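S.K.: Provide a 3D model corresponding to the input given below.
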Amino acid sequence: MEPLLKMSGITKSFPGVRALSDVGFDLHKGELHALVGENGAGKSTLMKILSGLYKADSGELFLKGEKIVSTGLREMIKLGIGVIYQELNLIPYLSVSENIFLGREPKTSIGTIDWSKMRKMTREALAPFKLDISPQQKVKSLGAAHQQIVEIAKALSLKAEILVMDEPTAALTGNEVDRLFEIIKQLKNDGVSIIYISHRLEEVHHLADRITILRDGERVITKNRGEMSNDEMIKYMVGRVLEEQYPQYESVPGDVVLEVKGLTKKGICEDVSFTARAGEIFGFVGLVGAGRTEIMQTVYGYRKMDSGEVLLDGEQVTIRNCQDAVMKGIGLIPEERKQQGLVLGMSVFDNAALSVLDLYSTAGVLHRKKINAEVNTMVDSMNIKTPSVRQLVRNLSGGNQQKVVLAKWFIRHCKVYIFDEPTRGIDVGAKVEIYRLMQNLAKRGAAVIMISSELPEVMNISDRAAVVFEGRIVREFKKGELSEEQVMEYSLGLFDKKGA
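M.R.: Residues are numbered from 1 along each chain as shown. Below you'll find the model as predicted:
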């Protein structure tokens, strides 16, 4: 049976990096073909060539047996190819409706935008997700998970014949993921072909008809679902057997470094209290919207608290803004690394050096040799894959971009590190590296706080953890004290509130 889509001999290079080398890929009608590999393996690059965003250096693309010469995004959309990118492609200051139908706005008889019809179409596009999002709401006011759903709704509204999903569940949890899977199954039943990129191997096994694995810009293998175990997939992805998915270490908790008492922010959190000790990893778990990120942003000074106390090393401190937090030894690795953690148009060196300019300057003059030595040492020790520290951060893979965010704070040697979704959208090999980096920080005596939507991650990496529900900590537990099912019950609010 002739494939609906065939890509052959695809090669693409960027300055200092060969992203793809002679890659072949095909897709049949009504099939979900998963594309798997480490960050930097070339998955997203291959799909950007398919979408018309990039032009291949060499290779051919056939659609329904006819050779296609891509001339850009708009032309590929007309050919029935829709893409949900890992990096959200939304305009924050426009409404949900304007984002979903940008360039495709329904018109009245006199040629103006039919706002009423567009709002109705938006509600229809969002209906399958059963979320209370207003079509007129500005995208910037939405959390990461809801922005992801808007992106998915936009792609689905194109009625594409081929739909590319690049890490569509990275910001979703629980019911949102289940609804997306229901939509995917319906799309397949309707004859839509799906290319699915994910680092969550359980999703791949659950959804895929076939699986193709890329490594270092080359196609390694294509097999039907059920022909590869998770361990085999990981081996093909990383080129070796990954001995530990969750590396273990003997933690030795020391004194309390950070103590939060009665933290309250109207509409965000209420009477939140917790401690973080030197030498341990303290997890924060809960569903999207529970308030985990917002609590930490309030501690960090990004949001102004209404009441409560923050103590560092036993002394009360006033944190009015993020700069105060940094100067007092608190580092925050944000969930949205591209928007909040990096300057994409700057180099690896410049990004890594941003947090220590005040430490390596005298009278406004930078000590460039010292900064250069620190950055190069950190890049080597963290195994950041880049041709040079002068490489633009935007040209790195997601996992290596995340490492640059970490390097920026590691150089500063903070007392407290807050990691917000540190492994979101990165592959299993890079995850293990980041777990070890976090553990090394704890070994050096830092207090490490980890916010994560991946429950197995919290259960296996944290020494202690807190469950957040509706802006409150409803349960704190030590490693091994609760099962995943019990933690989920607290996350869903299925507990005796008086006894919590």
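
S.K.: how about low-confidence regions in this protein?
M.R.: The chain contains residues with pLDDT under 70 at 16, 87, 173-174, 240-243, 496-500.

S.K.: dihedrals phi and psi, the residue most central in space within it?
M.R.: In the chain, the centroid-proximal residue (Cα atoms, centre = their mean) is R424; its distance is 3.5 Å. Phi and psi for R424, reported as degrees, to the nearest 10, are phi -60, psi 130.

S.K.: and the strands in the stretch 401-500 of the chain?
M.R.: For the stretch 401-500 of the chain, applying DSSP state E, counting those that start in this stretch gives strands covering 416-420, 447-451, 464-469, 472-478.

S.K.: between the ones you listed, which gets nearest to P106?
M.R.: strand 416-420 (38.3 Å; Cβ to Cβ). C-betas here are computed from N, CA, C, even on glycine.

S.K.: other SSEs contacting the closest one?
M.R.: Where contact means 3 or more Cβ pairs under 8 Å, 6 or more residues apart in numbering; DSSP states H and E, strand 416-420 is packed against helix 292-300, strand 330-333, helix 428-443, strand 447-451.

S.K.: just give the nearest non-adjacent residue to S273, would you?
M.R.: The spatially closest residue to S273, leaving aside those adjacent along the chain, is K261, at 5.2 Å (Cβ to Cβ, 6 or more residues apart in numbering).

S.K.: residue contacts, that neighbour?
M.R.: S273, G308, E309, V310, L311 (Cβ atoms under 8 Å, 6 or more residues apart in numbering).

S.K.: if any of the residues you listed are buried, give me the PyMOL selection for them.
M.R.: Buried residues among the contacts of K261 (16 or more other Cβ atoms under 10 Å), as a PyMOL selection:
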select buried, resi 308+310
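
S.K.: which one of the contacts of K261 is nearest T45?
M.R.: V310 (43.6 Å).

S.K.: and the closest one, what element?
M.R.: V310 is part of strand 307-312 when elements are defined by DSSP states H and E.

S.K.: now what about whichever helix or strand comes after that strand, what contacts it?
M.R.: Downstream of strand 307-312, the first helix or strand assigned by DSSP H and E is strand 315-317. Counting contacts by Cβ under 8 Å, 6+ apart, the residues outside strand 315-317 that touch it are E309, V310, L311, D324, K328.

S.K.: in its sheet, what does strand 315-317 sit against?
M.R.: Partners of strand 315-317 in the sheet, by DSSP bridges, are strand 307-312 (antiparallel).

S.K.: which residues does the strand it pairs with contact?
M.R.: Contact with strand 307-312 is made by 257-264, 272, 299, 316-317, 319, 328-330, 415-416, as judged by Cβ under 8 Å, 6+ apart.

S.K.: coming back round to it: looking at the strands of the stretch 401-500 of the chain, which is closest to I133?
M.R.: Among these, the nearest to I133 by Cβ to Cβ is strand 464-469 (21.4 Å).

S.K.: what comes into contact with the closest one?
M.R.: Contacts with strand 464-469, where a contact means Cβ under 8 Å, 6+ apart, come from 274, 280, 282-287, 290-292, 295, 458-459, 473-479, 487, 490-493.

S.K.: try 7 Å
M.R.: By Cβ atoms under 7 Å, 6 or more residues apart in numbering, the surrounding residues in contact with strand 464-469 are 274, 280, 282-286, 290-292, 295, 458, 473-478, 487, 490-491, 493.

S.K.: can you give me the buried ones in it?
M.R.: For strand 464-469, the buried set under the neighbour-count rule, 16+ other Cβ under 10 Å, comprises R464, A465, A466, V467, V468, F469.

S.K.: check stretch 256-271 too.
M.R.: Buried residues in stretch 256-271, defined by neighbour count with 16+ other Cβ under 10 Å: V257, L258, E259, V260, L263, K265, I268, C269, E270.

S.K.: again, but for stretch 84-93
M.R.: Neighbour-count burial for stretch 84-93, counted by 16+ other Cβ under 10 Å, picks out I84, Y85, Q86, E87, L88, L90.
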